[in-house]
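[1] I would like to see how this sequence folds:
(chains A, B, C and D)
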Protein chains: 2
Amino acid sequence: MTWTYEFPRPALTVDCVVFGLDEPELKVLLIRRDLKPFRGKWALPGGFVHVDETLEDAARRELREETGVEQLYLEQLYTYGDVDRDPRERVVTVAYYALVKLSDHRVVAATDARDADWFGVHDLPQLAFDHARILDAAYHRLQNKLRYEPIGFELLPKKFTLRQLQRLYEVILDRTLDKRNFRKKILSTGVLQELDEMETNVAHRAARLYRFNQKHYRDMVKRGIHFEI
Amino acid sequence: MTWTYEFPRPALTVDCVVFGLDEPELKVLLIRRDLKPFRGKWALPGGFVHVDETLEDAARRELREETGVEQLYLEQLYTYGDVDRDPRERVVTVAYYALVKLSDHRVVAATDARDADWFGVHDLPQLAFDHARILDAAYHRLQNKLRYEPIGFELLPKKFTLRQLQRLYEVILDRTLDKRNFRKKILSTGVLQELDEMETNVAHRAARLYRFNQKHYRDMVKRGIHFEI
DNA sequence: TCCACTTAGTGTAGAATAAACACTAACAGG
DNA sequence: CCTGTTAGTGTTTATTCTACACTAAGTGGA
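    All right, here's what the predicted structure looks like:
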């Protein structure tokens, strides 16, 4: 079966930049292409948008199919429509970026016959198409977003220590932060819930565990209160 | 001539939210639909992306064709891909927002047989498709962007007074600002070039004219210095 | 010519926020 | 019990933000 239109139509795809925190590094999930253009090169997971699914659905489906990743924070990044970004034909791609808890997805690569792997954001291979540019934009967006939205928690396990959280900010923002100032600021936002639990299996004093208080954050948003770090 | 594909493809369009400052109000440029769905309703200017033009080129072309607007600041906003956002068929639209100097485009409506007009952002008619949602997102984006990028100047004539600039910020941010604090802050950013000219034809003390110093701003960006108001 | 009206243009003090900085406490392991 | 490692905590200073009111300059009309 084929589909016919009066005018030529660009192909429409989605591509995803999936970030995961593999302390002490921020990593990105890439797949190795097994098809014609850029065969063997690494690329962002992604694929065609079906005519009966939303863009976000397409992104989630492709991620599941190609990498097995399922529970994730997903947000649209930008749409890339340069005429020659794909050598075969006109392809417009809606890029998304995603944050996953690596604690849940450590063995992603095994899920599919597809060759998938995590790469440090500062240690990337050559990428197919304009994916390097997309990845770069996603990383910058993540850096900005982190400062005024509480999305870092999407990269950590449900329960975490303040030290883990600070390291996350340091790794993503690519600079060191003052411990006391960081703790004061993050606690003052009120989005952290102190738990009655402590870290275990560490060879030093155990730190208290916290979790992200999503309910409280949504309340803040309703009341027009801004998160900022 | 027709075009045939192995799988069905969504149609791809661009839509533009064009802002203009018509003191003392922020206005948006809309066109009245003369075609089937939502006929007679107002809608954002836009149309199909040709297979040999970039998304931004498509946006500029549609604006020129439908409204005659040409010199403008244009930036991608978001891509809307809900399955049923167009009752006829699957249409994915890449939304842009634009800022124009109304001083240059006051008589836009006359440019085309098409019915086009400016509407106050707080006094909009019912819009076709999901355009109300797009417009809303564009307005919020503009409000945010205004605070950390010097884009307000795109809405003013080349030479303007501090009062005009302050009113622009007030109109877009929808709150009053303190005159002295505003002047201090905006002047301290260094992006304004003081001219040796004064306002004319006003029934009161004439104010000094300024212009946006683009060169200086680009230098700031290179040096990593942030604009913020 | 002077009076009324309108907007231009300017500084300061107090409050809030951000930045810099160092030590003791707790725990594990040898 | 000693060593090593991280947890956890306050204060001072600098910077930034906020609130606030008067004089100067020009037009237009009485």
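
[2] Direction included, what does the top strand by length along chain A pair up with?
    When every strand of chain A is counted residue by residue (DSSP state E), the longest turns out to be strand A:11-22. Strand A:11-22 has these partner strands in its sheet, going by DSSP bridges: strand A:25-32 (antiparallel), strand A:46-48 (antiparallel), strand A:91-100 (parallel).

[3] With respect to burial, which of these scores highest?
    The highest mean neighbour count among those belongs to strand A:91-100 (a mean of 25), with neighbours defined as mean count of other C-beta atoms under 10 Å in any protein chain shown. No exception for glycine: its C-beta is placed from N, CA and C like everyone else's.

[4] downstream neighbour of that one in the secondary structure list?
    Using DSSP states H and E, the helix or strand that directly follows strand A:91-100 along the chain is helix A:102-105.

[5] What are the buried residues along that next one?
    Of the residues in helix A:102-105, those buried by neighbour count under the rule 16 or more other C-beta atoms under 10 Å in any protein chain shown are A:102, A:105.

[6] Show me what that helix packs onto, helices and strands only.
    strand A:11-22 (3 or more C-beta pairs under 8 Å, 6 or more residues apart in numbering or on different chains; DSSP states H and E).

[7] residue ranges with poor pLDDT in chain A?
    For chain A, the stretches with pLDDT under 70 are A:106-114.

[8] one more time with 50
    Low-confidence segments of chain A (pLDDT under 50): none present.

[9] could you pull out the helices for it?
    Shown for chain A, the helices assigned by DSSP state H span residues A:55-67, A:102-105, A:131-148, A:162-173, A:179-188, A:214-222.

[10] Pick the most buried one from these.
    When the helices of chain A are scored by mean count of other C-beta under 10 Å, the highest mean neighbour count falls to helix A:55-67 (a mean of 20).

[11] Provide the contact partners of that helix at residue level.
    Contacts to helix A:55-67, defined as C-beta atoms under 8 Å, 6 or more residues apart in numbering or on different chains, come from residues A:14, A:16, A:18, A:29, A:31, A:45-50, A:53, A:69-70, A:72, A:74, A:76, A:94, A:96, A:98, A:108, A:111-112, A:114, A:116, B:79, B:81, B:92.

[12] any idea how far residue B:192 is from the closest residue in space to residue A:99 that isn't next to it in sequence?
    Nearest non-adjacent residue to residue A:99, counting by C-beta to C-beta, 6 or more residues apart in numbering or on different chains: residue A:154, 3.8 Å away. The gap separating residue A:154 from residue B:192 is 40 Å, by C-beta to C-beta, to the nearest Å.

[13] Would you mind listing what in chain A touches chain B?
    For chain A, the residues in contact with chain B under the definition C-beta under 8 Å from any C-beta of the partner chain are A:2-12, A:48-56, A:76, A:78-79, A:81-83, A:90, A:92, A:94.

[14] my guess is the residue nearest to residue A:99 contacts residue A:72, does it?
    Yes. Contact status for residue A:154 versus residue A:72: in contact at 7.4 Å, counting by C-beta atoms under 8 Å.

[15] Now do the shared contacts for those two.
    Taking C-beta under 8 Å, 6+ apart as the contact criterion, the residues that touch both residue A:154 and residue A:72 are A:99, A:100.

[16] Between these two, which has more neighbouring residues?
    With neighbours defined as other C-beta atoms under 10 Å in any protein chain shown, residue A:154 and residue A:72 compare such that residue A:72 has more, 23 against 18.

[17] Would you mind giving both backbone torsions of that one?
    phi -160, psi 160 (degrees, to the nearest 10).

[18] tell me the contacts of it?
    Applying C-beta under 8 Å, 6+ apart to residue A:72 gives the contacts A:18, A:60, A:63, A:98, A:99, A:100, A:154.

[19] Get me the contact residues on chain A for DNA strand D.
    Residues of chain A that fall close to DNA strand D, judged by C-beta under 7 Å from any atom of the strand: A:161-163, A:179-181, A:183-184, A:202-208.

[20] how does it look with 10 Å?
    Taking C-beta under 10 Å from any atom of the strand as the contact definition, chain A meets DNA strand D at A:161-164, A:166-167, A:178-184, A:187, A:194, A:198-199, A:202-210.

[21] Distance check, whatever residue of chain A ends up closest to DNA strand C against residue A:176.
    Among residues of chain A, the one nearest DNA strand C by C-beta to the nearest atom of the strand turns out to be residue A:205. It sits 3.1 Å away. For residue A:205, the distance to residue A:176 under the criterion C-beta to C-beta works out to 21 Å.

[22] The two: who's more crowded?
    Ranked by neighbour count (other C-beta under 10 Å), residue A:205 and residue A:176 place residue A:176 first, with 11 against 7.

[23] That one touches residue A:170, doesn't it?
    Yes. Here residue A:176 lies in contact with residue A:170, judged by C-beta under 8 Å, at a distance of 5.7 Å.

[24] coming back round to it: now do the residue of chain A closest to DNA strand C against residue A:166, distance only.
    For residue A:205, the distance to residue A:166 equals 16 Å [C-beta to C-beta].

[25] now the angle from the longest strand of chain A to helix A:55-67?
    Strand A:11-22 and helix A:55-67 are oriented at 60 degrees to each other (axes from the mean of the first three to the mean of the last three C-alpha atoms, to 10 degrees).

[26] Can you point out the buried residues in strand A:11-22?
    A:11, A:12, A:13, A:14, A:15, A:16, A:17, A:18, A:19, A:20, A:21.
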